[in-house]
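J.: Just to be clear, the model below is a prediction. Sequence and coordinates:
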There are 2 protein chains.
Amino acid sequence: MKYDLGKKPTKGAQRTLNAFSETMLKLISQKRLEDISVSEICEVSTFPRATFYNYFDDKYDLLNYCWHIIAEEIQINEETKITSHGILKVYFDRIYDIFMENKSLLDKVLVNNNSSSAMINSFINYFKEIIHHVLYNSMDQFETTLPLELLADHIVATLLLILEWIFLEQHDTTKQQAHQYIDVLLGSDLPKFKARS
Amino acid sequence: MKYDLGKKPTKGAQRTLNAFSETMLKLISQKRLEDISVSEICEVSTFPRATFYNYFDDKYDLLNYCWHIIAEEIQINEETKITSHGILKVYFDRIYDIFMENKSLLDKVLVNNNSSSAMINSFINYFKEIIHHVLYNSMDQFETTLPLELLADHIVATLLLILEWIFLEQHDTTKQQAHQYIDVLLGSDLPKFKARS
DNA sequence: TTTATATTTAGACACTTGTCTAATACTCTT
DNA sequence: AAGAGTATTAGACAAGTGTCTAAATATAAA
């Protein structure tokens, strides 16, 4: 990303960011990511290519920014301190809700991109990263003989696998049913969690 | 892949396939995948670009063929019929051995591509696919309330996660230690397996 | 309102991509 | 050794990529 999201953007910058991300979401609802060029994104957004490259490295970078926009609602942050092993389901539920809110968009995108590994990887990896980040900072809660990083990776991968199963492979599943999947795949007795002190 | 790997290749075709795959492995040991162009691959191989496109769709397709070459030694096939739940470790060990045999190559590749998600995804996804394929055909061995596809995905993802931890994130780990990781992450009592009939 | 700063823009640059053609050369069988 | 079937090749094509300039605009803060 060329543009610094740290500072709060000016009016014009925000307009430009919005235009490009909305165009991208529109285009991936209509055709395969591979068939979308930066030139086309710019034509649809009625911005010149030079402006695109002021903000993004390439179309994948813009795509990542789109996930960022969608995920902004998550509000998982360091303050969400862990009070019980139910925390995993709290994380899971937040992402589940976001995906559910954006289900019609996701479904449209999948019609054209269900076999595009670049698209799927981009999407899954984005959410893996943000969950991994918050989860790893709570890992002192866990009692395990495993390397903490490895355990965190495994938990995150498992949560995302279930979300992928539900939303990308489109197996309608209630939150309750999904919680059962978590219990089975991560151990129904959750032996890896410390007793509360 | 433009070329049909089903039929056995002629002498010339084999020579060409070898030249391109050897060049690719050489180049990814030297620089980032993103910085390698089809033109460069062709210059190093002293083949014209037209020949490249006779065989491959693009550089990612060639990369996939490279993993195919490396994985050919695996010899996991349908005949390897499952006799006990130890089968998971059999699969794991085969890939572990292949990665170990190619460790010096992997290490060189990672120097330049440790942050290239295209490279890592290509590598991991290739091996996920081949393990998934053989594993899914043995899933009647498992006793579970989960959808079989989901359980298979989870097992494969977990095995690959451990291999990624060892070989890509380069935490030296013995096969025995890795087996312990499998036991813990997939359930030390392996409750998901049917009793033998 | 002015000014410093940030953003947008047109156009040019060298380079890469994937496809196509038609001529040439190889190599496998018989 | 001849012919059928494969494989290689040069070069051209339209399109896309990412970078760079320098001028023109827009914006935020004093």
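T.: Noted; the coordinates are in hand. Numbering: from 1, shown residues only, chains lettered A, B, ... in the order given.
J.: going forward, measure contacts and count neighbours with C-alpha atoms only.
T.: OK.
J.: what helix or strand does the residue sitting nearest the centre point of chain A sit in?
T.: By Cα atoms, centre = their mean, chain A has its centre lying nearest to A:F127, at 2.8 Å. Using DSSP states H and E, A:F127 sits in helix A:117-136.
J.: what's the angle between that helix and helix B:117-136?
T.: 90 degrees (axes from the mean of the first three to the mean of the last three Cα atoms, to 10 degrees).
J.: residues in contact with A:F20?
T.: A:41-42, A:45, A:52, A:62 (Cα atoms under 8 Å, 6 or more residues apart in numbering or on different chains).
J.: for the host helix or strand of it, the distance to its chain's centre please.
T.: Using DSSP H and E, A:F20 maps to helix A:11-28. Offset of helix A:11-28 from its chain centre (Cα atoms, centre = their mean, to the nearest Å): 18 Å.
J.: repeat for stretch A:171-179
T.: 18 Å.
J.: thinking again about what came up before, could you give the mean pLDDT of the helix holding A:F20?
T.: Per-residue pLDDT values over helix A:11-28 give a mean of 95.
J.: Excluding residues flanking it in the chain, which one is nearest A:T158?
T.: B:H154 (6.8 Å; Cα to Cα, 6 or more residues apart in numbering or on different chains).
J.: hang on, the earlier thing: and the helix holding A:F20 with helix A:117-136, angle?
T.: Helix A:11-28 and helix A:117-136 are oriented at 120 degrees to each other (the same axes, to 10 degrees).
J.: Helix A:11-28 vs DNA strand D: in contact?
T.: Yes. Residues of helix A:11-28 contacting DNA strand D under Cα under 7 Å from any atom of the strand: A:11-12.
J.: hang on, the earlier thing: tell me how far the helix holding A:F127 is from the chain's mean position?
T.: On Cα atoms, centre = their mean, the centre of helix A:117-136 falls 5 Å from the chain's centre.
J.: before we move on, back to that, ok, the residue nearest to the centre of chain A to B:L5 distance?
T.: 36 Å (Cα to Cα, to the nearest Å).
J.: cool, A:F52 as well?
T.: Between A:F52 and B:L5 the computed distance is 41 Å (Cα to Cα).
J.: Counting neighbours, go ahead and name the busier of those two.
T.: More crowded of A:F52 and B:L5, by other Cα atoms under 10 Å in any protein chain shown: A:F52, with 22 against 10.
J.: In contact with the closest residue to A:I124 other than its chain neighbours, which residues?
T.: Nearest non-adjacent residue to A:I124, counting by Cα to Cα, 6+ apart: A:L160, 7.2 Å away. Going by Cα under 8 Å, 6+ apart, A:L160 touches A:124, A:127-128.
J.: Where does A:L160 sit: helix, strand or coil?
T.: Following DSSP: H, G, I helix; E, B strand; the rest coil, A:L160 is assigned to helix.
J.: before we move on, the earlier item: ok, so of the contacts of A:F20, who is nearest B:N114?
T.: Of all the contacts of A:F20, A:L62 has the smallest distance to B:N114: 21.9 Å, by Cα to Cα.
J.: For the nearest residue to the closest one once chain neighbours are set aside, give me phi and psi.
T.: For A:L62, ignoring the flanking residues on the chain, the nearest one in space by Cα to Cα, 6+ apart is A:F56 at 6.0 Å. With angles defined as degrees, to the nearest 10, A:F56 sits at phi -130, psi 150.
J.: okay, now A:F56: neighbour count?
T.: Using other Cα under 10 Å, A:F56 has 19 other residues around it.
J.: Likewise for A:Q14?
T.: Neighbour count of A:Q14, defined by other Cα under 10 Å: 11.
J.: Next: the one 5 residues further on.
T.: Other residues within reach of A:A19 by the criterion other Cα under 10 Å amount to 17.
J.: Only C-alpha atoms, please: export stretch A:140-156 in CSV.
T.: Only the C-alpha atoms of stretch A:140-156 are listed here, as CSV (Å, rounded to 0.1, in the frame of the first residue of the first chain):
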residue,chain,number,x,y,z
ASP,A,140,-0.7,-17.0,28.0
GLN,A,141,-4.2,-18.3,28.7
PHE,A,142,-3.3,-21.7,27.2
GLU,A,143,-1.6,-24.6,28.8
THR,A,144,0.3,-26.6,26.3
THR,A,145,3.4,-28.4,25.5
LEU,A,146,3.3,-27.1,22.0
PRO,A,147,5.2,-24.0,20.7
LEU,A,148,2.7,-21.1,21.3
GLU,A,149,3.0,-19.8,17.7
LEU,A,150,2.2,-23.3,16.3
LEU,A,151,-0.9,-23.6,18.6
ALA,A,152,-2.1,-20.1,17.6
ASP,A,153,-1.6,-20.9,13.9
HIS,A,154,-3.6,-24.1,14.4
ILE,A,155,-6.5,-22.5,16.2
VAL,A,156,-6.7,-19.7,13.7
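J.: contact partners of that stretch?
T.: A:128, A:131-132, A:135-136, A:139, A:186, A:192-194, B:158, B:161-162, B:165, B:181, B:185.
J.: Narrow the residues you listed to just the buried residues.
T.: Taking 16 or more other Cα atoms under 10 Å in any protein chain shown as the criterion, what is buried in the contacts of stretch A:140-156 is A:128, A:131-132, A:135-136, A:139, A:186, A:192, B:158, B:161-162, B:165, B:181, B:185.
J.: Tell me how far A:I36 lies from B:E101.
T.: 40 Å.
J.: Show me which of those two is the more surrounded one.
T.: Neighbours per residue (other Cα under 10 Å) separate A:I36 from B:E101, with A:I36 holding more: 15 against 12.
J.: That one is in contact with A:L27, isn't it?
T.: Yes. Assessed by Cα atoms under 8 Å, A:I36 is found in contact with A:L27 at 7.4 Å.
J.: Now narrow the contacts of stretch A:140-156 to whatever sits close to DNA strand C.
T.: Of those, not one also sits near DNA strand C (Cα under 7 Å from any atom of the strand).
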